[in-house]
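**Student:** Structure, please.
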Amino acid sequence: MTYTRGSNLICIRSRDLSNTNLLGNNGRMVLQSPIEANENERLYVCVLSATFPNSWYNLSNYLNNNTISFKETGDSDFKLITLDEGSYNILELLAHIKAKLEANSTNSEIYTLTYSEITNAVSIRRSTMPDITTTFDFTTTTSCRRMIGFLSNIQVLQFSTLVSDRAVDITDTFNSIYIRLPNLSNQKVIESSTNRYSNIVAHIPVPFSRNTIFTYEPSKPFCVELLQKTISAIDINITFQNEEQQVHFGKGDWEVNLLIEYRLNMEKARPPYSIHNQIVKQMKKYDRKQIENKNNMEELKRLIKSKK
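**Tutor:** Next comes the predicted model:
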């Protein structure tokens, strides 16, 4: 049994944080007065609300998805081409890839990349001689393959059209963001990617809608019990699924409102020799005495019966 003694509302605005990085997704808020729990209390934290600008890049060096590797007839090895970082829709991305392929083509190839809304797939064609081949290496760790629907393998384009293996995912699976508090420890959240306790306090699904503002307001905020009893500063980090996948907000400002509660554990707070405990102890003692008296009476009856 627990009850809440009180709480603190912490309003964190990105523009006010210290120790921020160039991505604009993290920082530190130093509290003027530390938040301290008593001996019999625990501190809990939950995200009441958050507001973010949907301004991050879906193609970025920080996301390891901004290259394409290919070679043509006459090339001795694959060319790893870096794509320009930015926030793309599928048509913009295909136009950008086409320009990069043609700019780095050994044989002055003309490439046609198309997207089908019906099948949600990408097609790649060349308009050149049949004895020329183009080979794409989608196995590189920084490939944009997931965004255009290709599996991690080698694909050869010669006579026919090359069609993506799976559905296009222009978000590259980065369709949720996570609020993390790195300097506050908990043992309530386990992250599947590491299979260990995590610093995540909120998971927020977000739509791919560029240059918009979205708000997160859970109807039932999930509160996480903290191991610390004193909080003097709060480090905050906004990431995608893995902690190393940083959200690139750029110049966009965001806000997170945290609720920190003091909760008292009644079992731990109860004095060891309370009236309740004394009554329970006396009742148990009385029950034991009654059983002893009953056993004594039975024994006496047996003795009397045996002497007759």
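**Student:** where does the chain have its least confident helix or strand?
**Tutor:** helix 266-269 (a mean of 56; mean pLDDT, DSSP states H and E).
**Student:** According to the record, where do the domains of the chain fall?
**Tutor:** Domain ranges of the chain: 2-57+175-268, 61-163, 271-308, per automatic domain parsing.
**Student:** Wait, V256 touches D16, no?
**Tutor:** No: using Cβ atoms under 8 Å, V256 makes no contact with D16, being 11.6 Å away. (Each C-beta comes from the backbone N, C-alpha and C, glycine too.)
**Student:** of those two, who's got more company?
**Tutor:** Remark: of V256 and D16, V256 carries more neighbours, 24 against 12, as counted by other Cβ atoms under 10 Å.
**Student:** Model confidence score at the more buried one, please.
**Tutor:** Listed pLDDT for V256 reads 96.
**Student:** Run through the bridge partners of it.
**Tutor:** I12, A50 (DSSP bridges).
**Student:** which residues touch it?
**Tutor:** With contact set as Cβ atoms under 8 Å, 6 or more residues apart in numbering, V256 has these partners: 12, 47, 49-50, 179, 236.
**Student:** most neighbours, which of these?
**Tutor:** For the contacts of V256, neighbours were counted using other Cβ under 10 Å, and I236 has the most, 24 neighbours in all.
**Student:** quick one, phi/psi of it?
**Tutor:** phi -130, psi 140 (degrees, to the nearest 10).
**Student:** Begin at 891 from now on, thanks
**Tutor:** Shifting the count to begin at 891 puts that one at I1126.
**Student:** per-residue pLDDT, it?
**Tutor:** On pLDDT, I1126 comes in at 94.
**Student:** now S966
**Tutor:** 93.
**Student:** Near it, how many other residues are there?
**Tutor:** Per other Cβ under 10 Å, the neighbour tally for S966 reads 5.
**Student:** ditto for N956
**Tutor:** 21.
**Student:** mind listing what the closest residue to it other than its chain neighbours touches?
**Tutor:** Leaving aside its sequence neighbours, N956 sits nearest to L973 (Cβ to Cβ, 6 or more residues apart in numbering; 4.7 Å). Applying Cβ under 8 Å, 6+ apart, we find L973 in contact with 949, 956-958, 986-987, 990, 1034.
**Student:** Which members of those residues are positioned in helices?
**Tutor:** Members of these lying in helices (criterion: DSSP state H): 986-987, 990.
**Student:** Distance-wise, check S1088 relative to N1076.
**Tutor:** S1088 is 8 Å from N1076, where distance means Cβ to Cβ, to the nearest Å.
**Student:** I meant to write P1097 there.
**Tutor:** Counting by Cβ to Cβ, the separation of P1097 from N1076 is 29 Å.
**Student:** which one of those two has more residues nearby?
**Tutor:** Neighbours per residue (other Cβ under 10 Å) separate P1097 from N1076, with N1076 holding more: 19 against 10.
**Student:** For that one, list each beta-bridge partner.
**Tutor:** With beta bridges defined as DSSP bridges, N1076 has these partners: L1116.
**Student:** Ok, S959 next?
**Tutor:** When assigned by DSSP bridges, S959 has beta-bridge partners L970, D1027.
**Student:** Report the contact partners of it.
**Tutor:** Counting by Cβ under 8 Å, 6+ apart, S959 makes contact with 968-971, 1026-1028, 1030, 1033.
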